[in-house]
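*Asks:* need a structure here:
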Amino acid sequence: ESALAALRDAARGDANLLPPIVGAVKAYATVGEICDVLRDEFGEYQPGAAL
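*Replies:* Okay, here's the model as predicted:
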């Protein structure tokens with residue numbers, strides 16, 4: 001949970017996301033859990049959506 005919280009904090013700012021992603025993987029977070037955090041912060045890609 002703390003590794004995912006660190007990833008969420010990094011995603012909310014302008015930090016490099018790779019170190020917290022690696023930290024989450026080392027803490028045995030699943031790909032789905034990591035993607036859920038990123039999806040919550042950045043949203044989900046929608047083809048044809050206006051920027």
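*Asks:* mind checking pLDDT for residue 12?
*Replies:* Predicted confidence (pLDDT) for residue 12: 97.
*Asks:* Nearest spatial neighbour of it, chain-adjacent residues omitted?
*Replies:* Counting by CB to CB, 6 or more residues apart in numbering, residue 12 lies nearest to residue 41, which is 6.2 Å off, once chain neighbours are set aside. (Glycine included, C-beta is placed from N, CA and C.)
*Asks:* Check which helix or strand that neighbour maps to.
*Replies:* Using DSSP states H and E, residue 41 maps to helix 31-42.
*Asks:* ok, residues contacting that helix?
*Replies:* With contacts defined as CB atoms under 8 Å, 6 or more residues apart in numbering, helix 31-42 is touched by 4, 7-8, 11-12, 17, 21, 24-25.
*Asks:* 7 Å instead?
*Replies:* For helix 31-42, contacts defined as CB atoms under 7 Å, 6 or more residues apart in numbering pick out 4, 7-8, 11-12, 21, 24.
*Asks:* Just the C-alpha atoms of that helix, please, in CSV.
*Replies:* Extracted as CSV, the C-alpha positions of helix 31-42 are listed here (Å, rounded to 0.1, in the frame of the first residue of the first chain):
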residue,chain,number,x,y,z
VAL,A,31,0.3,-4.8,-12.8
GLY,A,32,-3.4,-4.3,-12.3
GLU,A,33,-2.9,-2.4,-9.0
ILE,A,34,-0.2,-0.2,-10.6
CYS,A,35,-2.4,0.5,-13.7
ASP,A,36,-5.4,1.3,-11.4
VAL,A,37,-3.4,4.0,-9.7
LEU,A,38,-2.2,5.5,-13.0
ARG,A,39,-5.7,5.2,-14.5
ASP,A,40,-7.2,7.0,-11.4
GLU,A,41,-4.7,9.9,-11.8
PHE,A,42,-4.5,10.2,-15.6
